[in-house]
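In: Give me a 3D structure for the following:
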Amino acid sequence: QVQLVESGGGLVQPGGSLRLSCAASGFTFSSYAMSWYRQALGKERELVASIITDGRFTNYADSVKGRFTISRDNGKNTVYLQMNSLKPEDTAVYYCYARRLSRDYWGQGTQVTVSS
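Out: This next block holds a predicted model:
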């Protein structure tokens with residue numbers, strides 16, 4: 001059974017940091033590109049960051065460049081999103097996403113709220 005389980009979300013003050021984790025199981029994690037998406041209330045889901053299978057290349061939304069870092073540990077079947085200098089506009093549900101060719105999987109999401 002395929003599972004993507006996110007953790008690490010919560011409430012943080014503006015300027016603070018959080019580290020999201022996504023633990024994968026039920027598929028060959030190292031063969032899948034991984035991404036983080038987010039969806040704010042009333043808005044469409046948007047791509048935040050992506051990382052290829054071996055982690056050598058990453059891609060970020062302009063809104064998070066220089067503040068967020070995506071990484072992966074294929075030995076632990078886990079992808080991470082380090083989020084620094086958080087802003088209120090980063091408030092959203094963050095989703096983990098795995099894709100390889102025509103197969104893709106979504107996690108259930110974790111809430112991140114940036115507020116004073």
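
In: can you pull the contacts of Ser21?
Out: Residues in contact with Ser21 (C-beta atoms under 8 Å, 6 or more residues apart in numbering) are Glu6, Ser7, Gly8, Thr78, Val79, Tyr80. Where C-beta positions appear, they are placed from N, C-alpha and C, glycine not excepted.

In: could you flag which of those are buried?
Out: Among these, those classed as buried by 16 or more other C-beta atoms under 10 Å are Glu6, Gly8, Thr78, Val79, Tyr80.

In: Hmm, the second one is touching Leu20, no?
Out: Yes: with contact defined as C-beta atoms under 8 Å, Gly8 counts as touching Leu20 (4.3 Å).

In: Read off the pLDDT value for the residue nearest the centre of the chain.
Out: Nearest residue to the geometric centre of the chain (C-alpha atoms, centre = their mean): Trp36, 2.9 Å. With respect to pLDDT, Trp36 has a value of 98.

In: and it, bridged to which residues?
Out: Counting by DSSP bridges, Trp36 forms beta bridges with Ala49, Cys96.

In: how about low-confidence regions in this protein?
Out: With pLDDT under 70 as the threshold, the chain has no low-confidence stretch at all.

In: picking up where we left off before, return the closest of the buried ones among the contacts of Ser21 with respect to Glu46.
Out: Minimum distance to Glu46 across these is 16.2 Å, recorded for Glu6 (C-beta to C-beta).

In: send the alpha carbons of the host helix or strand of Ala24 over as PDB?
Out: Ala24 belongs to strand 18-25 when assigned by DSSP states H and E. The C-alpha trace of strand 18-25 is given here as PDB (Å, rounded to 0.1, in the frame of the first residue of the first chain):
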ATOM      1  CA  LEU A  18       9.700  24.800  10.300                       C
ATOM      2  CA  ARG A  19      11.000  21.500   8.800                       C
ATOM      3  CA  LEU A  20       8.400  19.400   7.000                       C
ATOM      4  CA  SER A  21       9.100  15.700   6.500                       C
ATOM      5  CA  CYS A  22       7.300  13.200   4.200                       C
ATOM      6  CA  ALA A  23       7.900   9.500   4.800                       C
ATOM      7  CA  ALA A  24       7.200   7.300   1.800                       C
ATOM      8  CA  SER A  25       6.400   3.600   1.700                       C
END
